[in-house]
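Peer 1: Sequence first, then the predicted structure, then my questions.
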Amino acid sequence: MRIVSQSRLGAVLGALPGVPRVVAGGNFTTPWQALAVLDAALGEYRLCMLNAQPGVPDRDGVILESPFIGPGMRTSARLRYFPCRLSLLPVMLATMMPPDVVLMQTSPPVDGTVSLGTEVNVLPAAMEAVRARGGLVIAQVNSNVPVTYGDAVLSVGDIDYGIEADVPLPSPPIRPAHHASAAIGERVAALVPDGATLQLGIGAIPDAVLAALTGRHGLTVWSEMFSDGVLSLAKAGALDTDQPVIASFAFGSAELHEWMNRNPGIRMLRTEMTNDPARIARRPRMTSVNSALQVDLFAQANASWVRGAIYSGIGGQTDFVVGALHSRDGKAIIALPSWHPKAGVSTVVPRLAGPVTSFQHSFIVSDQGTAAVWGQDAVAQAEAIITQVAHPSARDELRAAGRELGFRLGPSARAPERAEGPATSGT
């Protein structure tokens with residue numbers, strides 16, 4: 001790795017031919033300074049990022065690409081969404097979407113190596129793909145990036161150029177606690193035994209689940225990502241200290257970054273390892289917990305689309321649902337509030353109007369209750385979703401719609417006396 005000035009890096013990037021494709025680290029480890037140099041040097045390029053945060057260049061000449069959409073790209077007219085399981089994105093980068101440049105953020109060199117810190121993800125695969133076509137690997141070297149182990153460790157010889165930029169790593173905004181999330185967290189936690197292996201996605205509900213698990217023992221983590229909730233489990237003594245926390249990326253507070261720094265109990269692995277359904281299935285009592293925007297009476301979940309527009313993407317949900325279902329004593333859990341307060345609508349619908357993110361789960365959980373759907377016939381699944389997951393104000397309409405869809409559903413059940421009104425539910 002050759003450390004250069006920003007002006008020198010701009011000259012190198014400006015000499016690239018055509019309309020290069022750039023893969024940059026996403027989430028909360030985006031190399032913003034290096035990305036700004038690239039944007040100033042190139043009139044046209046394609047930018048591929050996962051869960052891009054606000055501040056991404058969005059102008060004429062820039063084509064935004066992603067299989068998992070973050071708030072930095074979500075509303076852009078220049079967005080190209082590529083449906084893809086996260087476990088298969090490395091294959092796509094090697095074949096259909098080969099990069100010409102990889103931008104990432106690393107720790108400073110020590111003994112000939114650097115660390116990717118909190119964001120391994122698809123970066124190793126992107127580096128291999130860019131090397132195969134003679135492209136560039138560029139690092140933003142930042143002393144605030146924690147040193148983590150596993151696939152995060154890279155040789156400085158694998159990097160062409162580096163620029164130094166010591167800037168704090170940003171943290172996600174703190175989400176306010178909502179009653180529905182806390183209730184769902186308690187219900188999901190009741191399904192998690194001691195000694196389970198955990199995967200949790202992004203959002204207020206997964207955070208609430210982790211908060212409700214601090215009294216467990218012998219838990220392990222094999223997940224696409226983790227945040228401060230896992231640190232809370234470690235502090236509470238809920239984790240099996242003989243097993244490392246396994247993940248592909250992480251984001252959270254400065255305290256989380258400090259905990260991760262040079263911690264041998266954490267191994268950051270590349271996506272095709274963490275998200276491989278076969279590897280996931282080998283984990284004992286694998287418990288996958290993911291959120292959804294909607295579920296329907298066919299027990300299908302939509303976690304990607306809102307009102308006909310892409311909101312996020314498939315991500316790793318399908319990988320972990322499949323892996324958990326094949327794990328011995330495993331569970332695949334979908335958790336969501338029963339009512340969307342901002343839109344004023346039920347999150348349980350008769351049939352999804354858009355693409356399905358995942359299906360065939362073990363349990364669907366809301367603030368209203370827990371529906372055990374695995375091993376039930378289709379009518380029993382629909383009945384459980386209506387009576388245990390849907391908000392009481394939506395149940396009669398769902399039952400009528402279900403009959404029109406062919407479900408032989410019984411008469412309406414009496415709504416619980418203490419059911420909460422729509423205005424008090426939310427994520």
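Peer 2: That came through, no problem.

Peer 1: in this structure, which spans are helices?
Peer 2: Residue ranges of the helices in the chain, as given by DSSP state H, are 6-14, 32-41, 89-94, 123-132, 179-189, 204-211, 228-236, 254-260, 271-274, 277-281, 317-326, 378-384, 392-404.

Peer 1: I'd like the ones you listed as a markdown table, with mean neighbour count and mean pLDDT appended.
Peer 2: To be clear about C-beta, it is placed using only N, CA and C from the backbone, and glycine gets the same treatment. Output for the helices of the chain, formatted as a markdown table (neighbours: other CB atoms under 10 Å; pLDDT from 0 to 100):
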| stretch | mean neighbour count | mean pLDDT |
| --- | --- | --- |
| helix 6-14 | 17 | 98 |
| helix 32-41 | 20 | 98 |
| helix 89-94 | 20 | 97 |
| helix 123-132 | 21 | 97 |
| helix 179-189 | 21 | 93 |
| helix 204-211 | 25 | 90 |
| helix 228-236 | 19 | 96 |
| helix 254-260 | 18 | 97 |
| helix 271-274 | 23 | 97 |
| helix 277-281 | 18 | 98 |
| helix 317-326 | 23 | 97 |
| helix 378-384 | 19 | 97 |
| helix 392-404 | 17 | 96 |
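
Peer 1: Same list (the ones you listed) but as CSV, adding distance to Asp158.
Peer 2: Shown next, in CSV, are those (distance: least, CB to CB, whole Å):
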stretch, distance to Asp158
helix 6-14, 17
helix 32-41, 16
helix 89-94, 16
helix 123-132, 6
helix 179-189, 40
helix 204-211, 33
helix 228-236, 29
helix 254-260, 22
helix 271-274, 18
helix 277-281, 24
helix 317-326, 27
helix 378-384, 49
helix 392-404, 54
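
Peer 1: how about the ones you listed, which one is nearest Gln105?
Peer 2: helix 32-41 (7.8 Å; CB to CB).

Peer 1: where does the stretch 151-300 of the chain have low pLDDT?
Peer 2: Scanning the stretch 151-300 of the chain for pLDDT under 70 picks out the ranges 177.

Peer 1: And the strands in it?
Peer 2: Along the stretch 151-300 of the chain, counting by DSSP state E, counting those that start in this stretch, strands occupy 153-155, 161-164, 197-200, 220-221, 225-226, 245-247, 249-250, 266-268, 286-291, 294-296, 300-302.

Peer 1: Relative to the whole chain's centre, how far out is the longest one?
Peer 2: Chain-centre distance of strand 286-291: 12 Å, with CA atoms, centre = their mean, to the nearest Å.

Peer 1: Given it, what are its sheet partners and their directions?
Peer 2: Strand pairing for strand 286-291, using DSSP bridges, gives strand 197-200 (parallel), strand 331-335 (parallel).

Peer 1: Over to the fourth one?
Peer 2: In its sheet, strand 220-221 lies beside strand 197-200 (parallel), with partners assigned from DSSP bridges.

Peer 1: roughly how far is the partner strand from the heart of the chain?
Peer 2: Offset of strand 197-200 from its chain centre (CA atoms, centre = their mean): 12 Å.

Peer 1: Repeat that for stretch 166-182.
Peer 2: In terms of CA atoms, centre = their mean, the centre of stretch 166-182 is set 15 Å apart from its chain centre.

Peer 1: Can I get that stretch as CSV, trimmed to CA atoms?
Peer 2: Taking C-alpha atoms only, stretch 166-182 is exported to CSV below (Å, rounded to 0.1, in the frame of the first residue of the first chain):
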residue,chain,number,x,y,z
ASP,A,166,-8.5,10.1,11.2
VAL,A,167,-12.2,10.7,11.7
PRO,A,168,-14.6,9.2,14.3
LEU,A,169,-16.8,6.3,13.1
PRO,A,170,-20.4,7.4,13.0
SER,A,171,-23.0,5.5,15.1
PRO,A,172,-26.6,4.9,14.1
PRO,A,173,-29.2,7.1,15.7
ILE,A,174,-30.6,5.9,19.0
ARG,A,175,-34.1,4.6,18.4
PRO,A,176,-36.8,5.6,20.9
ALA,A,177,-38.3,2.6,22.8
HIS,A,178,-41.8,1.8,21.9
HIS,A,179,-44.3,-0.3,23.8
ALA,A,180,-44.9,-2.6,20.8
SER,A,181,-41.2,-3.3,20.3
ALA,A,182,-40.7,-4.1,24.0
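
Peer 1: May I see the buried residues of that stretch?
Peer 2: Residues of stretch 166-182 classed as buried: 169, 171, 178, 180-182 (neighbour count, 16 or more other CB atoms under 10 Å).

Peer 1: any idea which of the residues you listed is the one closest to Val389?
Peer 2: Closest approach between the buried residues of stretch 166-182 and Val389, by CB to CB: Ala180, at 12.2 Å.

Peer 1: so the closest one sits right up against Pro337, yeah?
Peer 2: Yes: using CB atoms under 8 Å, Ala180 is in contact with Pro337, at 4.2 Å.

Peer 1: May I have the predicted confidence score for Thr301?
Peer 2: Not quite, residue 301 is Ala, not Thr. Per-residue pLDDT puts Ala301 at 97.

Peer 1: Surely Val4 and Ile163 touch.
Peer 2: Yes: with contacts counted by CB under 8 Å, Val4 reaches Ile163, the gap being 6.4 Å.

Peer 1: between those two, which one's more packed in?
Peer 2: Ile163 (21 against 17; other CB atoms under 10 Å).

Peer 1: show me the residues around the more buried one that make contact.
Peer 2: Ile163 is in contact with 3-6, 9, 33-34, 37, 138-141, counting by CB atoms under 8 Å, 6 or more residues apart in numbering.

Peer 1: Looking at these, which is nearest Gln368?
Peer 2: So of the contacts of Ile163, ranked by how close each gets to Gln368 (CB to CB), first place is Gln140, at 46.4 Å.
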